[in-house]
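**Q** A predicted structure for the sequence below; I have some questions about it.
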Amino acid sequence: MNPGRIFYVAALVAGLAACASPTRQYYTLLPASTVTELVGNDGKTAPKFAISVQPVVLPEQVDRPQIVINDADAAQVTPLNSALWASPLSDEIRNALSNELSRQLGVLDIPSGGTPESLPVWRVNLRVQRFDSIYNQRAVLDATWRLTPIHQSGKKTMICRAEIQVPVEAGMSALVAGHQEALKKLATLIAAQLITPLENNQMTGVEAKGCTS
């Protein structure tokens with residue numbers, strides 16, 4: 001094979017490799033960093049407890065590095081190799097929920113093991129039933145959470161479920177922002193429940209499916 005032919009083949013292979021390997025983009029569910037003060041309750045005195053957000057349980061079809069797109073009209077999902085989560089999705093959800101709960105309540109998220117008995121703690125367990133990404137339509141979060149009191153006599157464990165839908169526009173950034181908003185609304189539900197019993201919700205796109213204790 002002559003040198004010109006070798007160069008042509010090498011260039012062709014390189015071109016095909018470039019086409020087959022689109023640039024990967026990484027996304028996070030944590031909001032952009034802002035300077036905030038942990039005040040909680042719209043500036044009122046922060047609650048006298050801490051929270052402990054546990055690892056999140058996810059459906060297997062979305063528990064992967066790729067962002068998974070759902071078809072609104074068919075039982076079909078498509079993992080996108082060019083759009084990836086910055087860390088495991090379960091960690092992304094846990095960290096985003098922890099961040100928002102801490103911000104809204106003005107409390108710390110601490111490890112559940114080894115906490116002093118003098119410190120009341122609410123352990124937060126989250127199981128996600130649905131985490132749907134419907135491009136140019138909506139982000140859907142259907143989740144059940146358990147709130148377990150630690151070092152709090154007289155308090156009862158609470159279990160609740162809600163479905164949250166957020167309309168989104170075209171673009172992966174818009175879709176991820178929709179999931180960020182859904183998690184923010186979930187945190188608002190949980191935060192309100194930790195302060196006073198959850199009676200009803202007035203948030204757009206939120207369907208409370210009931211609680212038990």
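**A** Thanks, I have the structure now.
**Q** Can you show me the helices along the protein?
**A** Assigned by DSSP state H, the helices in the chain fall at 3-20, 89-105, 172-195.
**Q** Against which helices or strands is the longest one packed?
**A** Spelled out, it's helix 172-195. Helix 172-195 sits against strand 25-27, strand 66-70, helix 89-105, strand 121-134, strand 138-150, strand 158-167, strand 206-212, with contacts defined as 3 or more Cβ pairs under 8 Å, 6 or more residues apart in numbering; DSSP states H and E. Yep, even glycine has a C-beta here, placed from its N, CA and C like the rest.
**Q** in the longest one, what counts as buried?
**A** Neighbour counts using 16 or more other Cβ atoms under 10 Å place 89-90, 92-105 of helix 89-105 among the buried residues.
**Q** From the residues you listed, pick the one nearest residue 68.
**A** Proximity of the buried residues of helix 89-105 to residue 68 (Cβ to Cβ) peaks at residue 89, which lies at 9.1 Å.
**Q** Identify the residues contacting that closest one.
**A** Residue 89 makes contact with 58, 62, 63, 64, 131 under the criterion Cβ atoms under 8 Å, 6 or more residues apart in numbering.
**Q** So for it, what's the pLDDT?
**A** pLDDT, residue 89: 99.
**Q** Wait, residue 165 touches residue 137, no?
**A** No - the pair residue 165 and residue 137 fails to qualify as a contact (Cβ atoms under 8 Å) at a distance of 9.5 Å.
**Q** For residue 129, the count of nearby residues, please.
**A** By other Cβ atoms under 10 Å, the residues close to residue 129 number 15.
**Q** what's the closest non-adjacent residue to it?
**A** Nearest-residue entry for residue 129: residue 142, 4.4 Å, with adjacent residues in sequence omitted and distances by Cβ to Cβ, 6 or more residues apart in numbering.
**Q** wait, doesn't that neighbour sit right on residue 165?
**A** No - counting by Cβ under 8 Å, residue 142 stays clear of residue 165, with 9.2 Å between them.
**Q** between these two, what contacts are shared?
**A** With Cβ under 8 Å, 6+ apart, residue 142 and residue 165 have no common neighbours.
**Q** residue contacts, residue 150?
**A** Going by Cβ under 8 Å, 6+ apart, residue 150 touches 52, 112, 115, 120, 121, 122, 123.
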